[in-house]
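K.L.:
just need the structure, nothing else, for what follows:
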Amino acid sequence: MRQVILLTGETGSGKTTVVINLLAELNKLGIKTSGILSPARIENGRKTGIYALEIATGVKELLAIHQPGWDVENPVREWKMDPEVLKWGNNVIRNSAPTDVLIIDELGFLEFEKNLGWVSAFNTLDKGEYKSAIIVVRKGLLEKALEKFENATVITIENISQTEENTRIVVSQILAI
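P.N.:
Sure thing, here's the model as predicted:
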């Protein structure tokens, strides 16, 4: 039986932090994890970029830089993506299965609205070569995600101070199958 878990929350709520902690717990348990993680690049105490990190190898590339207003079509977009890193990341995702736990951090506006970004994730997820898939989705796109993943379990991350509790919840979901 396969399961899809959508981790959702507002920007800064700790979604990626929960996934980082989750990876540590799953590694302790010997559970094979793969996919892509998007940790922040912090400089002088503020987020200036987003990395793409291949979970299986630890290879990390700078995916995006903070550049508000760069997209004339959608001026509220703040993060300018590197197309070469997107291509690399899509290849990482395509090669991440089969696995026990597939992690995609995150699917967002580009994927759901523009058919860009980590688009290979949809095909990889549809193939179902995993026991559990953890997909990070911002709260504003949860409805779109549920259209695609109708039977998904939704775990809402409210506050980064609840990281340990949220990590335990996700681990228990994974171990329940």
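K.L.:
run the chain-centre distance for the helix-or-strand element of the chain with minimal mean pLDDT.
P.N.:
Ranked by mean pLDDT, DSSP states H and E, the weakest helix or strand in the chain is helix 163-175, scoring a mean of 82. Chain-centre distance of helix 163-175: 16 Å, with C-alpha atoms, centre = their mean, to the nearest Å.
K.L.:
who does it touch, helix- and strand-wise?
P.N.:
Packing partners of helix 163-175 (3 or more C-beta pairs under 8 Å, 6 or more residues apart in numbering; DSSP states H and E): strand 3-9, helix 15-28, strand 132-138, strand 153-156. For every residue, glycine as well, the C-beta is placed using N, CA and C.
K.L.:
can you tell me which of those is most buried?
P.N.:
Mean neighbour count (mean count of other C-beta atoms under 10 Å) peaks for strand 132-138 among the helices and strands packed on helix 163-175, with a mean of 24.
K.L.:
so what are the sheet partners of that strand and their directions?
P.N.:
Sheet pairing of strand 132-138 (DSSP bridges) gives strand 3-9 (parallel), strand 101-105 (parallel).
K.L.:
can I get those strands in a markdown table including mean pLDDT?
P.N.:
Formatted as a markdown table, the strands paired with strand 132-138 follow (pLDDT from 0 to 100):
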| stretch | mean pLDDT |
| --- | --- |
| strand 3-9 | 94 |
| strand 101-105 | 97 |
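K.L.:
identify the residues contacting the nearest residue in space to residue 154 that is not next to it in sequence.
P.N.:
Computed as C-beta to C-beta, 6 or more residues apart in numbering, the closest residue to residue 154 that is not its neighbour in sequence is residue 6, at 4.9 Å. Applying C-beta atoms under 8 Å, 6 or more residues apart in numbering, we find residue 6 in contact with 135-137, 142, 145-146, 149, 152-155.
K.L.:
now residue 171
P.N.:
Taking C-beta under 8 Å, 6+ apart, one finds 22, 25-26 in contact with residue 171.
K.L.:
which one of those residues is nearest residue 37?
P.N.:
Of all these, residue 22 has the smallest distance to residue 37: 10.0 Å, by C-beta to C-beta.
K.L.:
ok, that closest one - contacts?
P.N.:
Residues counted as contacts of residue 22 (C-beta under 8 Å, 6+ apart) are 103, 134, 167, 170-171.
K.L.:
hmm, try it at 6 Å
P.N.:
Residue 22 sits next to 167, 170 when contact means C-beta atoms under 6 Å, 6 or more residues apart in numbering.
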